[in-house]
Structure formats: C-alpha cells, structure tokens
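Participant: just a sequence and a predicted model for now, questions to come.
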Amino acid sequence: MNKRTRRAAAAVGLVALLSVAGAGIAQAGTTNKPYNTTVGPYNGSGYTEYQTQYTSGASAQLHSGTVGGVYKVDVRVDGYHIGTWTRNVTDNDSRLLNNDNPKGKSVRLHFSNDLDVSKAVQVTGTWRSN
C-alpha cells in the first residue's frame with residue numbers, strides 16, 4: 001500500500017466510525033431508558049438523566065415501576081420547552097407526556113409531589129423522549 005492509498009483508507013474508516021457513533025447519539029430518545037430518582041418532601045423535585053429528542057413534538061413515553069408505595073407523583077418533560085404536568089402517576093402506570101421540544105434538544109423528566117407529602121419518594125421505571 002502506498003502512502004496515498006493508506007490515507008484514503010484511513011479517511012474512509014474515520015468517516016464510517018463517526019457515522020456509527022453519531023447514529024447512536026441521535027437515536028438516544030427512541031429507546032426506553034431506566035430512571036431511579038428521589039423526589040424530595042414538601043413539593044420536592046426529582047429528575048431523570050437527559051435524552052436527545054429524536055422527533056420534534058413527539059410525546060414522551062413513561063412507564064413507572066414504583067412510586068414509593070402509597071404515594072403519587074406528578075411528572076412533566078423538562079427541556080427547551082417545559083411540558084404540562086401529568087398528575088397522579090402511581091406504581092405500574094404508563095403515560096404519554098406532552099412534549100413540544102424540537103429534534104436534537106436535550107430533555108429530561110421532572111417529577112414532583114404535593115405540598116403535604118412529608119417524606120422523600122423514590123420513583124423508578126423507564127422512559128423515552130421520542
């Protein structure tokens with residue numbers, strides 16, 4: 001292999017590697033990702049990790065696992081645009097969440113409980129931004 005051929009092969013390999021890596025990042029919001037966060041007492045908040053919005057304006061999907069036993073929490077999408085609250089999420093609950101975020105923006109879920117909840121509530125499940 002001469003010097004010119006090696007450079008061309010290296011360039012093709014680099015382009016292929018970057019294409020594969022970029023595809024994984026762009027599709028992050030199309031896969032259910034687990035969450036496990038604590039929502040503080042007295043109207044406290046808890047947050048998931050960020051995902052990349054894949055489709056502009058697509059509703060986010062939430063599948064709760066546990067919501068601290070007898071408790072309920074509210075949840076909304078938090079990102080470039082803030083979604084409306086979806087109320088009273090309980091154990092083993094599935095919801096579609098209002099999500100007006102444009103493609104490519106980072107979004108996460110924001111959980112909150114009521115003013116009269118005096119204990120921290122652990123919430124777990126999966127979600128995706130779409």
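Facilitator: Received, thanks. Numbers count the residues shown, from 1 in each chain.

Participant: let me see the ranges of the helices in the chain.
Facilitator: Along the chain, counting by DSSP state H, helices occupy 3-26.

Participant: report pLDDT for residue 17.
Facilitator: pLDDT, residue 17: 44.

Participant: now the one 10 residues further on
Facilitator: You'll see residue 27 listed with a pLDDT of 41.

Participant: swap in residue 70?
Facilitator: Predicted confidence (pLDDT) for residue 70: 88.

Participant: grab the nearest non-local neighbour of residue 37.
Facilitator: Spatial nearest neighbour of residue 37, excluding adjacent residues (CB to CB, 6 or more residues apart in numbering): residue 46 at 3.8 Å. Just so you know, the C-beta spots here come from the backbone N, C-alpha and C atoms, and that holds for glycine as well.

Participant: count the neighbours of the one you found for me.
Facilitator: By the criterion of other CB atoms under 10 Å, residue 46 has 21 neighbours.

Participant: quick one, what contacts it?
Facilitator: Residues near residue 46 by CB atoms under 8 Å, 6 or more residues apart in numbering: 37-40, 110-112, 121, 123.

Participant: list buried residues within the residues you listed.
Facilitator: Listed as buried from those are 37, 39, 110-112, 121, 123; burial here means 16 or more other CB atoms under 10 Å.

Participant: can you pick out the most distant pair from these?
Facilitator: Pairwise distances across these (CB to CB) peak at 13.9 Å, for the pair 110 and 121.

Participant: now render the buried ones among the contacts of residue 46 as CSV, adding pLDDT and distance to residue 94.
Facilitator: Output for the buried ones among the contacts of residue 46, formatted as CSV (pLDDT from 0 to 100; distance: CB to CB, whole Å):
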residue, pLDDT, distance to residue 94
37, 98, 18
39, 98, 19
110, 98, 18
111, 98, 15
112, 98, 19
121, 97, 19
123, 98, 14
